[in-house]
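Peer 1: Pasting the sequence and the predicted coordinates here, then a few questions.
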Amino acid sequence: MKSKLLVVDDEKNIREGLADSLKMDGFEVVTAAGGDEAWNRFQKGDIDLVITDLRMPDISGEELLKLIEAETPGVPVIILTGHGTVETAVEAMRAGAWDFLTKPVNLDHLAQIVRRALSNRELFLKHRRLEEELEQQKQFRTMIGSSAPMRRVFDTISRAAPTKASILITGESGVGKELVADAIHELSPRKGKPFIKVHCAALSENLLESELFGHEKGAFTGAVARKRGRFELANEGTLFLDEIGEIEQNIQIKLLRVLQEKAFERVGGEETIETDVRLVAATNKDLKEEIAKGVFREDLYFRLNVVNIHVPPLRERKEDLPLLFAAFLKEFCKDNEKSIEGIEPKARSRLFSYDWPGNVRELRNCIESAVVMARGNYITEDDLPPNITLKNEEPSIRIPLGVTMDESERIIIRSTLKAYKDNKSKAAEVLGIGRKTLHRKLIEWGDVDF
């Protein structure tokens, strides 16, 4: 899709000459004979860049610039004038002009400036989209992603959270199962009530039983006072049991009873205590396999798994990496008082090609390390942890001697698209170009199959 430019000048020959030249350079161009006409045309909302004369009889170029800045920040405006003074140029740049050129204009130089400005606009729009997506996901706390698998996760959370149903969250270590539990509680009617978390794998059977159900004074050695358990403390709220697949059969039976009867007794006690708790559990194990082995009760599994939310591993949703990069860079730059503007293409390639066995937790640690180690304003390949850069030999592209620059560009782009299974967003991200730029090049080359 061609970028659309608006050329504004009250002199017809100049206006039409600029338009014809820019069209030959591959741009779509519309024109206006004055600032008033230009502003009306701009408000239709499809203009990517404006080139305007400074001196015009109705709305001046500087006034038009200010209107555009107020209405649509980020649209580049290039000012042209036959009255080139330093003072005028400074005022235009202060008002937000992308560049300032005096007439007569060098058309090749103008085309170069336009391309740079449009490239900058693509980066601006991309950054704004990332910020908007992050803002939209605030309801899911720190869960980040816009891929199809993550959209399914968000949709299931949104539908299940308002109910009383038990939820089983599954997925590998480090994918963010606890964040899903957080979001479920925050989006439920129980928000504001207790939200209690228990890491089942960290406690022995006896300690876990006491932790969940409480105990009476003297129930066992060391029980010097009555203790309320997590089910009591979470009454009217949510209880999150992490690593539910690690609990012993004896505790499984007691859990099943609580889910069925909404009641339990403290260890060593006789009083039956009723409880109103919404149970959310998580595991990185395949509980169906555990059932087949005889180590997990099938009846408890069905009670827990009323709603299942499977959080995909990071290697299956790498299109979310740019969002995660942006979020973690922002977080760790603030923590470390650094100003890092982005990640260099070679470093991005490493990050995209890595499989992330530790998932989002590992990526988060990686970006924190890279921010700390970075010497400049961009994270380079040398700033990444060794396990990322030494894991596998990075795929390479062979370009024979004697090939032109244009053909080299085609080889690089086509090879990158192939490596990322024709995913244009991923390929553009790794190549360090905008998706619109990539799409335009493919159209120019006739690569309609991509």
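Peer 2: Perfect, thanks for sending it. Since the model is a prediction, treat every value here as computed from it, not as a measurement.
Peer 1: ok, then the element right after the lowest-mean-pLDDT helix or strand in the chain?
Peer 2: Ranked by mean pLDDT, DSSP states H and E, the weakest helix or strand in the chain is helix 86-94, scoring a mean of 67. Using DSSP states H and E, the helix or strand that follows helix 86-94 in sequence is strand 99-102.
Peer 1: mind saving the C-alpha coords of that next one as CSV?
Peer 2: The C-alpha coordinates for strand 99-102 follow below in CSV (Å, rounded to 0.1, in the frame of the first residue of the first chain):
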residue,chain,number,x,y,z
ASP,A,99,12.3,19.5,8.0
PHE,A,100,12.6,22.9,6.3
LEU,A,101,13.6,23.3,2.6
THR,A,102,14.1,26.4,0.5
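Peer 1: Direction included, what does that strand pair up with?
Peer 2: Partners of strand 99-102 in the sheet, by DSSP bridges, are strand 77-81 (parallel).
Peer 1: Touching the strand it pairs with from outside, list them.
Peer 2: Residues from elsewhere that reach strand 77-81 (Cβ atoms under 8 Å, 6 or more residues apart in numbering): 9, 49-55, 61-62, 64-65, 68-69, 88, 92, 96-103, 105, 110, 113-114, 117. C-beta here means a position set from N, CA and C on the backbone, and glycine is covered the same way.
Peer 1: Quick one, which of the residues you listed are buried?
Peer 2: Neighbour counting by 16 or more other Cβ atoms under 10 Å classes 9, 49-54, 61-62, 64-65, 68, 88, 92, 96-102, 105, 110, 113-114, 117 among the contacts of strand 77-81 as buried.
Peer 1: Find the residue at the geometric middle of this structure.
Peer 2: Leu323 (2.1 Å; Cα atoms, centre = their mean).
Peer 1: how about the strands in the stretch 351-450 of the chain?
Peer 2: 378-379 (DSSP state E, counting those that start in this stretch).
Peer 1: residue ranges with poor pLDDT in it?
Peer 2: In the predicted model of the stretch 351-450 of the chain, residues 391-396, 447-450 satisfy pLDDT under 70.
Peer 1: got the residue ranges for the helices in the stretch 51-200 of the chain?
Peer 2: Using DSSP state H, counting those that start in this stretch, the helices found in the stretch 51-200 of the chain span residues 61-71, 86-94, 107-136, 148-160, 177-186.
Peer 1: right, so those helices: which one is the most enclosed?
Peer 2: For the helices of the stretch 51-200 of the chain, the largest average neighbour count (mean count of other Cβ atoms under 10 Å) is found in helix 177-186, namely a mean of 22.
Peer 1: other SSEs contacting it?
Peer 2: helix 148-160, strand 167-170, strand 195-199, strand 238-242, strand 278-283 (3 or more Cβ pairs under 8 Å, 6 or more residues apart in numbering; DSSP states H and E).
Peer 1: Lys126: which of the ones you listed is closest?
Peer 2: Ranking the helices and strands packed on helix 177-186 by proximity to Lys126 (Cβ to Cβ) places helix 148-160 first, at 18.7 Å.
Peer 1: Compute the inter-axis angle for that closest one and helix 177-186.
Peer 2: Put simply, helix 148-160 runs at 30 degrees to helix 177-186, going by axes from the mean of the first three to the mean of the last three Cα atoms, to 10 degrees.
Peer 1: On the three-state scheme, Val30 is what?
Peer 2: Look at Val30: counting by DSSP: H, G, I helix; E, B strand; the rest coil, its state is strand.
Peer 1: and stretch 108-120, C-alpha only, in CSV?
Peer 2: The C-alpha trace of stretch 108-120 is given here as CSV (Å, rounded to 0.1, in the frame of the first residue of the first chain):
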residue,chain,number,x,y,z
ASP,A,108,15.9,13.8,-5.2
HIS,A,109,16.8,15.3,-1.9
LEU,A,110,13.1,15.9,-1.1
ALA,A,111,12.3,12.2,-1.9
GLN,A,112,15.0,11.1,0.5
ILE,A,113,13.6,13.3,3.2
VAL,A,114,10.1,12.0,2.6
ARG,A,115,11.3,8.4,2.9
ARG,A,116,13.1,9.1,6.1
ALA,A,117,10.1,10.9,7.5
LEU,A,118,7.7,8.1,6.6
SER,A,119,10.0,5.5,8.1
ASN,A,120,10.0,7.5,11.3
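Peer 1: roughly how far apart are Lys193 and Glu16?
Peer 2: Look at Lys193 and Glu16: by Cβ to Cβ, to the nearest Å, they are 69 Å apart.
Peer 1: Tell me which residues are up against stretch 377-392.
Peer 2: Under Cβ under 8 Å, 6+ apart, the answer for stretch 377-392 is 329, 339-344, 346-347, 350-351, 353-355, 366, 369-371, 373-375.
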